[in-house]
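[1] give me a 3D structure for the following:
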Amino acid sequence: MRSCRQCRDAKRKCIPGKGSALSAPCDRCQLHRLPCSHSQANLLRTRTLNARRPGSQSPTESQTRAKRVDDFLADDGSVAVLVHEYLSKIHGRPHSIFHDATLWRDIRGRQASRALILAICAMGAHVSNHPTLRALEPLLTAESKRLLQIDLEHVCLANIQTCILVANLCVAHANPSSEFLFFRTAIAMMQLMESRTAHCNDNPVSHELRIRIWWALFAADNWCSSSLGFPRQMRDWTRPARLPMDERLFADMTPDEPFYDLTAPCRSPGLWAHMATLTEVFSPIQELNWRAANSEGLHPDQIEQDTDRLAQQLDDWQSRLPGDVQLTESNLIEHSKRGTGGTFMGLHLGFHHYATLLFYQYLDTRSTQTVRARQFAARCKHHALSYSTWLARGRKQPGCEAVYPTVGHMAIVSSSVLLHTLLFGGENELPQSRHCLEANFEALLELGEYWPIVKTMINRLMEFQNNCLLLSHHHHTHRLDRWMVRFLFEYALPLEDKAIDPHTALEMEIISTQAHIFTQNGRLPAFGPARVF
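    Reported below is the predicted structural model:
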């Protein structure tokens, strides 16, 4: 051990103090009653480490928190309300990882883990209209995370489910690093479970759950990895033997039902089966955008061919949907009655978002030199309008609301396309584009009441609008460069990480002038920073 400062100054040998106390001074300083630097440094280090520990509260604070959690879990009514909020407003949209009847049975029978119940209730608290219950969210999230971290070495479905929920809670608070860690932990647990050749405790319900959780993780791996610019982990994994079954059949299942052939194709694929096949197209679309942004020498014809190939995949996916899954007004109402309206809406919002991303680069005027490229630009506008139209329609239909965080990012992308139409489109395009843009903003305001990260998303849209005004004189507002690809895909990164230089006084004057001109012409949306929260 290095000598303390006092012994070095006196040029004396420094002998560590005796005893078990880490903060004990050396023998010489103790003898001469000097303020030993070892003692002070160790004491400071100990205090710093203790301050960083989650359990560093005083016994009274820790006991108070534990009592609040115990009191909440003992209140069956409050637990039931928040579980219902989660199941009715969130579950089935970004993920489908529970069998409702089994979950309720385990909760009422006190068989569900505390970490899992608290994570579910924390998600429900985010979208609750009860202020008292909403105020519990930070407590429930922190305690669920703490209990999960203690039990991480226990590989089981419940802990995978908890990891998924905690990752989503991290998304809500714009904590992408923790989101990534918890999703990757869930993926690692799933990999360990799938490596076991036998699932001795499997029953029909748990088997279907594992399939649904696998696809939920596959979708999360796509979204989470792209939001941070990281490579995917599950890309080359072997897919489950079959796709998720029909949601109504799954809801009616019981654990004691007999197994059928597990390797046979799904006889009645559900909405999440179509979600799974749609998600497969996301990564190629992302890769195409990066190639187009990074490869200046790549011939436009090749990009067009690749775009056309992926467009055909999306068209084929849409055409293969059964009649009762097609996006129509009557189907929306029917799924609302069945209790699958949220999943139905999430499926089609995802489709229109993916298509918007695929054709986005053709909004740049320099990319529309061919007939096919101009058709792609028109399709991009069509899908952005469709996304906004159906998002607004779903908000009015009971059980079809889309109120999870990624809806906010998709609305931002849709809005950026609508903004292009407002600035540069024909007069006949303006009324619908303006209406849809305002509808998107109203949806974003509502989402911002539930999820703190949406405020950051709206700020990004405001920054995007300013950039468009700054560049509008030469119509290069939507050029697909590295920043634009990050804007489209890396939604988790804050603006300060985007390497955007602050606007100069001259640029701010240009923005103000252009805003005035476009506003007078009815081409600037009636929203701005002053209306944001």
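[2] number of nearby residues for R434?
    By the criterion of other Cβ atoms under 10 Å, R434 has 18 neighbours. (Each C-beta comes from the backbone N, C-alpha and C, glycine too.)
[3] quick check: buried residues in the helix or strand where it lies?
    Assessed by DSSP states H and E, R434 sits inside helix 430-450. Using 16 or more other Cβ atoms under 10 Å as the test for burial, helix 430-450 gives 433-434, 436-441, 443-445, 447-448, 450.
[4] ok, now stretch 248-261?
    250, 253.
[5] what is the nearest of the buried residues of helix 430-450 to L118?
    Relative to L118, the closest of those is Y450; by Cβ to Cβ it sits at 18.2 Å.
[6] now the helix holding R434, how far from the centre of its chain.
    Remark: helix 430-450 is offset 20 Å from the chain centroid, using Cα atoms, centre = their mean, to the nearest Å.
[7] can I get the CA coordinates of it in PDB?
    Below are the C-alpha coordinates for helix 430-450, written out as PDB (Å, rounded to 0.1, in the frame of the first residue of the first chain):
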ATOM      1  CA  LEU A 430     -52.600  20.900 -47.800                       C
ATOM      2  CA  PRO A 431     -55.900  20.400 -45.900                       C
ATOM      3  CA  GLN A 432     -55.600  16.700 -45.200                       C
ATOM      4  CA  SER A 433     -51.900  17.000 -44.400                       C
ATOM      5  CA  ARG A 434     -52.500  19.900 -42.000                       C
ATOM      6  CA  HIS A 435     -55.300  18.000 -40.300                       C
ATOM      7  CA  CYS A 436     -53.300  14.800 -39.900                       C
ATOM      8  CA  LEU A 437     -50.300  16.700 -38.600                       C
ATOM      9  CA  GLU A 438     -52.400  18.400 -35.900                       C
ATOM     10  CA  ALA A 439     -54.000  15.000 -35.100                       C
ATOM     11  CA  ASN A 440     -50.500  13.500 -34.600                       C
ATOM     12  CA  PHE A 441     -49.500  16.400 -32.300                       C
ATOM     13  CA  GLU A 442     -52.700  15.900 -30.200                       C
ATOM     14  CA  ALA A 443     -51.800  12.200 -29.900                       C
ATOM     15  CA  LEU A 444     -48.200  13.100 -28.900                       C
ATOM     16  CA  LEU A 445     -49.500  15.500 -26.200                       C
ATOM     17  CA  GLU A 446     -51.700  12.700 -24.800                       C
ATOM     18  CA  LEU A 447     -48.800  10.300 -24.900                       C
ATOM     19  CA  GLY A 448     -46.600  12.900 -23.100                       C
ATOM     20  CA  GLU A 449     -49.000  12.700 -20.200                       C
ATOM     21  CA  TYR A 450     -48.100   9.100 -19.700                       C
END
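[8] which other helices and strands contact that helix?
    Where contact means 3 or more Cβ pairs under 8 Å, 6 or more residues apart in numbering; DSSP states H and E, helix 430-450 is packed against helix 371-396, helix 405-424, helix 453-471.
[9] let's have the ones you listed in CSV, adding mean pLDDT and distance to G92.
    Shown next, in CSV, are the helices and strands packed on helix 430-450 (pLDDT from 0 to 100; distance: least, Cβ to Cβ, whole Å):
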stretch, mean pLDDT, distance to G92
helix 371-396, 96, 13
helix 405-424, 92, 13
helix 453-471, 81, 21
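[10] for those, which one sits closest to I164?
    helix 405-424 (13.6 Å).
[11] report the angle between that closest one and helix 453-471.
    20 degrees (axes from the mean of the first three to the mean of the last three Cα atoms, to 10 degrees).
[12] would you list every one of the helices in the stretch 151-300 of the chain?
    157-172, 176-194, 204-228, 247-252, 271-279, 282-294, 300-319 (DSSP state H, counting those that start in this stretch).
[13] any idea which of these gets closest to L419?
    helix 282-294 (18.7 Å).
[14] so for the closest one, mean pLDDT?
    Helix 282-294 shows a mean pLDDT of 91.
[15] that helix packs against which elements?
    Here helix 282-294 touches helix 204-228, helix 300-319, helix 341-359, helix 482-489, going by 3+ Cβ pairs under 8 Å, 6+ apart.
[16] export these to CSV and tack on mean pLDDT?
    Below are the helices and strands packed on helix 282-294 laid out as CSV (pLDDT from 0 to 100):
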stretch, mean pLDDT
helix 204-228, 91
helix 300-319, 95
helix 341-359, 98
helix 482-489, 83
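[17] most tightly surrounded among those helices?
    Mean neighbours per residue, mean count of other Cβ atoms under 10 Å, is largest over the helices and strands packed on helix 282-294 for helix 341-359, with a mean of 24.
[18] quick one, that helix and helix 300-319 angle?
    Our comparison of helix 341-359 with helix 300-319, counting by the same axes, to 10 degrees, yields an angle of 160 degrees.
[19] from the chain's centroid, how far away is helix 341-359?
    15 Å.
[20] please export the C-alpha coordinates of it as CSV.
    Extracted in CSV, the C-alpha atoms of helix 341-359 (Å, rounded to 0.1, in the frame of the first residue of the first chain):
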residue,chain,number,x,y,z
GLY,A,341,-58.5,-4.0,-30.9
GLY,A,342,-55.3,-2.8,-29.5
THR,A,343,-53.3,-5.6,-31.1
PHE,A,344,-55.1,-5.1,-34.4
MET,A,345,-54.3,-1.4,-34.3
GLY,A,346,-50.7,-2.0,-33.3
LEU,A,347,-50.2,-4.4,-36.2
HIS,A,348,-51.3,-1.9,-38.8
LEU,A,349,-49.7,1.1,-37.4
GLY,A,350,-46.4,-0.9,-37.5
PHE,A,351,-47.0,-1.7,-41.2
HIS,A,352,-47.6,1.9,-42.2
HIS,A,353,-44.5,3.0,-40.2
TYR,A,354,-42.3,0.4,-41.9
ALA,A,355,-43.5,1.4,-45.3
THR,A,356,-42.9,5.1,-44.5
LEU,A,357,-39.3,4.3,-43.5
LEU,A,358,-38.8,2.3,-46.7
PHE,A,359,-39.8,5.1,-49.0
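[21] any chance of the helices of the stretch 151-300 of the chain in a markdown table, plus distance to L419?
    Formatted as a markdown table, the helices of the stretch 151-300 of the chain follow (distance: least, Cβ to Cβ, whole Å):
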| stretch | distance to L419 |
| --- | --- |
| helix 157-172 | 25 |
| helix 176-194 | 25 |
| helix 204-228 | 22 |
| helix 247-252 | 36 |
| helix 271-279 | 26 |
| helix 282-294 | 19 |
| helix 300-319 | 22 |
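[22] ends of stretch 230-246, how far apart?
    33 Å (Cα to Cα, to the nearest Å).
[23] buried residues in it, which are they?
    For stretch 230-246, by 16+ other Cβ under 10 Å, it's 232-234, 237, 240, 242-246.
[24] L418 contacts L385, correct?
    Yes. Using Cβ atoms under 8 Å, L418 is in contact with L385, at 7.2 Å.
[25] by mean pLDDT, point me to the weakest helix or strand of the chain.
    The weakest-scoring helix or strand in the chain, judged by mean pLDDT, DSSP states H and E, is helix 37-52 (a mean of 51).
[26] in terms of secondary structure, what does whichever helix or strand comes after that helix contact?
    Going down the chain from helix 37-52, the next helix or strand is helix 59-74, by DSSP H and E. Counting contacts by 3+ Cβ pairs under 8 Å, 6+ apart, helix 59-74 is packed against helix 76-89, helix 114-126, helix 137-150.
[27] circling back to that earlier point, can you list the helices and strands packed on helix 282-294 in a markdown table and add distance to T102?
    Compiled in a markdown table, those are given as follows (distance: least, Cβ to Cβ, whole Å):
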| stretch | distance to T102 |
| --- | --- |
| helix 204-228 | 6 |
| helix 300-319 | 31 |
| helix 341-359 | 18 |
| helix 482-489 | 36 |
